[in-house]
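>>> sequence and predicted structure below; questions after.
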Amino acid sequence: MTLEQTLPICIAGEWRLGRGERYATCYPATGEAVAWLNAASVEDVEDAVQGAHQAFLHSGWAQRKPHERASVLYRIAELIRERSEDLAQLQRQDNGKPINETRALVASAAGTFQFFASACETLEETITPSRGDFVSMSVYEPMGVIAAITPWNSPIASEAQKVAPALAAGNAVVIKPAEITPLMALQLARICEDAGLPKGLLSVLPGKGSLLGDALTHHPLVKRVSFTGGTKTGKHIAHIAADKMMPVSLELGGKSPTIVLDDADLDHAVAGVLYGIFSSSGEACIAGSRLFVARALYEPFMARLVVAAAELRVGDPADERTQMGPLISAGHRESVERYVALGLAEGGRLLLGGERPSGGIYDRGYYYPPTILEGLNNGQQVCQEEIFGPVLVVMPFDDEEQLLEQANDSLYALAAGIWTRDYKRAWALGRKIQAGTVWINTYKQFSISTPFGGWRDSGLGREKGRLGILQYMEQKSLYWGMNEQPLAWAGVQREVGL
Ligand code: NDP
């Protein structure tokens, strides 16, 4: 297929052109088109959901024995691994992340399918304690059509985290990837088809969320929405879900505090803080974007951090040595720049960065350097709002009580990091920090076996973990009567002649 040809999309088991507007996905490092496709239309949403519903009812997928469904998921994992280099290169072009990161995301997607294959095979139903002349059981049923709505920052890994458990549970899935990064979801649909997933069980609808995501969320046949994205969109989806009495899981934004206590191992803390905020160019929900440093350590720590951040290699995502690629789009870079200008207007001082790099490749892509601001307090706007870029705000603290108050003073509560050599201090602080994930002497490490999600404006529900599959199932209680005689109440009725 040449670049000018229009990519087909996958709707209800058919690969065909979308009926929405034609558009190009662009490589953020150069602005050049990677592929052309037609967005899906609202009619395509209808076709995809109806097709998914039919496939759910009639393909026999939900009725297959768990180990039979698992074998398809294992095959999907295998195919992702076999095609991993092509996938990683395509993803690099689709969203501009450095190649080493996209390789890790592809590997994580394969691991996710493998994990949920085994979760599916080993899921247990339980006999619950009986309190009468009966046996009671708890069983789980698939829900039907699941909508998976994903953002642009970590395609394939985000999609796998929703598609793998939803399929493992026996459902059909319709993916709405971010308009600007649709290519990995389409590849995943190819892989699922090649692995033997019944036709129609997985559709992919590229295009605008305000149109397609909204139509999907409202659709009466969609029984659950699993969403990753911004808090504003998440709340909008939650309102629609409330009207439908539909469960949702929402993985939303963050403004995560990283805390360096006065006894921290500085080498580890500097490396961890850098990785926490500047990897993925800060385009990560869990970015450690608010740094609190013990005042006694503030100056020496910041001196080291600034030198190390200045040495980060910002550049061509195809280069194996690159640590930070471009931002996703020109518009997003402008938004990051507005936040830095706001921080300065609020009284902040730049310790590093704050200006677009220029010359050579920098003039073509949407690059922005590691940027560090100090002199702000936690209540200010740049310390409260998610910037989603490589911007770190740094604040010294004097005691742990004041620290905790500020660290927890955020609408968000997604993640946090603590750097200390004292495990008892880490334990006490770790329990008091309000966040879905707390990393101690490490940051941004993930295991598919460990649940992930946020509190407050950072979201609802948990993904990953063995029990992640249950999000995509309805629980049902079965009571089996073991009584020899008819239920007593009916007998009483006969006795009194009713
Ligand atoms: P958005 O909320 O704008 O978009 C996320 C997805 O929702 C996209 O597919 C988007 O489509 C779609 N969407 C937009 N409007 C609607 C709507 N009305 N109804 C249904 N779907 C809609 O977020 P961003 O793309 O800006 O992604 C960045 C955000 O995602 C950040 O806030 C980040 O913190 C969060 N995030 C959270 C993670 C977590 O696990 N907690 C992980 C990664 C990111 P389209 O883009 O095509 O318009």
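Noted; the coordinates are in hand.
>>> what about the nearest residue to Y367 once chain neighbours are set aside, neighbour count?
Nearest-residue entry for Y367: P326, 4.8 Å, with adjacent residues in sequence omitted and distances by CB to CB, 6 or more residues apart in numbering. C-beta here means a position set from N, CA and C on the backbone, and glycine is covered the same way. Other residues within reach of P326, judged by other CB atoms under 10 Å, total 29.
>>> same thing with E320?
Counted with other CB under 10 Å, residues neighbouring E320 total 9.
>>> now do the contacts for it.
For E320, the contacting residues are I99, N100, taking CB atoms under 8 Å, 6 or more residues apart in numbering as the criterion.
>>> ok, back up a step: spell out the secondary structure type for the residue nearest to Y367.
coil (DSSP: H, G, I helix; E, B strand; the rest coil).
>>> separation between it and D316?
Distance, P326 to D316, using CB to CB, to the nearest Å: 9 Å.
>>> ok, now which ones touch K199?
Taking CB under 8 Å, 6+ apart as the contact definition, K199 lies against A12, G13, A55, S59, E193.
>>> redo those residues as JSON lines? Include pLDDT, distance to the ligand and neighbour count.
Below are those laid out as JSON lines (pLDDT from 0 to 100; distance: CB to the nearest ligand atom, whole Å; neighbours: other CB atoms under 10 Å):
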{"residue": "A12", "pLDDT": "97", "distance to the ligand": "20", "neighbour count": "23"}
{"residue": "G13", "pLDDT": "95", "distance to the ligand": "22", "neighbour count": "20"}
{"residue": "A55", "pLDDT": "98", "distance to the ligand": "23", "neighbour count": "24"}
{"residue": "S59", "pLDDT": "98", "distance to the ligand": "26", "neighbour count": "18"}
{"residue": "E193", "pLDDT": "98", "distance to the ligand": "22", "neighbour count": "17"}
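>>> closest to D133 out of those?
Ranked by distance to D133 (CB to CB), those are led by S59 at 39.9 Å.
>>> how many neighbouring residues does the residue lying closest to that closest one once chain neighbours are set aside have?
Take S59 and drop its neighbours on the chain: the residue closest to it by CB to CB, 6+ apart is P198, 3.7 Å away. P198 is surrounded by 18 other residues when neighbours are defined as other CB under 10 Å.
>>> you'd agree P198 is up against W61?
Yes - in this structure, P198 sits in contact with W61. The criterion is CB atoms under 8 Å, and the distance is 5.3 Å.
>>> now do the shared contacts for those two.
With contacts taken as CB under 8 Å, 6+ apart, the residues that reach both P198 and W61 are A55.
>>> can you list the weak-confidence ranges in the stretch 1-150 of the chain?
Where the stretch 1-150 of the chain drops to pLDDT under 70, the residues are 1-3.
>>> please repeat the previous calculation with a cut-off of 80.
Residues of the stretch 1-150 of the chain that meet the criterion pLDDT under 80 lie in 1-4.
>>> show me where it has its strands.
Ranges of strands within the stretch 1-150 of the chain are 6-7, 9-11, 14-16, 22-26, 33-38, 126-128, 134-142, 145-149, based on DSSP state E, counting those that start in this stretch.
>>> any idea of the mean pLDDT for stretch 263-271?
Taken as a whole, stretch 263-271 carries a mean pLDDT of 97.
>>> can you list the buried residues in that stretch?
Of the residues in stretch 263-271, A264, A269, V270 count as buried by neighbour count, 16 or more other CB atoms under 10 Å.
>>> what parts of the stretch 251-400 of the chain come near the ligand?
Within the stretch 251-400 of the chain, the positions near the ligand by CB under 6 Å from any ligand atom are E251, L252, G253, G254, C285, E386, F388.
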